[in-house]
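> Output the structure for:
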Amino acid sequence: MKIAVTNENGTIFQHFGHTESFCAYEICNNKIIDKKIICTDGKGHGALAEFLKNMGIDILICGGIGGGAQAALENCGIKLYGGASGKCDDAVEAFLSSKLEYNPNVKCEHHHDNEGHNCGGNGCGGNCVH
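A predicted model of the protein is given here:
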């Protein structure tokens, strides 16, 4: 199994569509056996789902994520655990021990062309970085 986590300096980046890198973990027998940092090469939003699929990712852990990206991940067969926060490594360990705190109904529905938006209350946790 392979798990990707949106990454910003080792913490879960809070806006999936703008993430510049993922921490990618290979799991065997419920243990982390490999970890890599994967740069997105400027890909964003829905294109990231195909990018993760091509990397063989099975599970994504992230902060805020929009409906279109959620649908793209589902179409690629990638299971989503959104609304998470904290350190990437800790989130994967929590996932492996069935203790990951996440929001199955996470939504980030703001307009991406509006730089002055307020993410509080719509699933982003108020931590979107644009």
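> tell me which element Gln70 is part of?
Gln70 is located in helix 67-75, with elements delineated by DSSP states H and E.
> Identify each buried residue in that helix, please.
Ala69, Gln70, Ala72, Leu73 (16 or more other C-beta atoms under 10 Å). All C-beta atoms are positioned from the backbone trio N, CA, C, and that covers glycine.
> Greatest separation within those residues: which pair is it?
Pairwise distances across these (C-beta to C-beta) peak at 7.3 Å, for the pair Gln70 and Ala72.
> shaky segments in this protein?
Regions of the chain meeting the criterion pLDDT under 70 cover residues 108-130.
> send the alpha carbons of stretch 71-90 over as CSV?
C-alpha atoms of stretch 71-90 as CSV (Å, rounded to 0.1, in the frame of the first residue of the first chain):
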residue,chain,number,x,y,z
ALA,A,71,-14.3,13.3,-7.5
ALA,A,72,-11.1,13.1,-9.4
LEU,A,73,-9.4,11.1,-6.6
GLU,A,74,-12.4,8.8,-6.4
ASN,A,75,-12.3,8.2,-10.2
CYS,A,76,-8.6,7.3,-9.8
GLY,A,77,-9.4,4.8,-7.0
ILE,A,78,-7.6,6.8,-4.3
LYS,A,79,-9.2,6.7,-0.8
LEU,A,80,-9.4,10.2,0.8
TYR,A,81,-8.8,11.2,4.4
GLY,A,82,-9.3,14.9,4.3
GLY,A,83,-9.5,17.5,7.1
ALA,A,84,-6.4,16.2,8.8
SER,A,85,-3.7,18.4,10.4
GLY,A,86,-0.3,18.0,12.1
LYS,A,87,2.9,16.4,11.1
CYS,A,88,2.9,14.1,8.0
ASP,A,89,4.7,11.2,9.7
ASP,A,90,2.4,11.4,12.8
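> Would you format the buried residues of helix 67-75 as CSV with distance to Gln14 included?
Shown next, in CSV, are the buried residues of helix 67-75 (distance: C-beta to C-beta, whole Å):
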residue, distance to Gln14
Ala69, 13
Gln70, 15
Ala72, 19
Leu73, 17
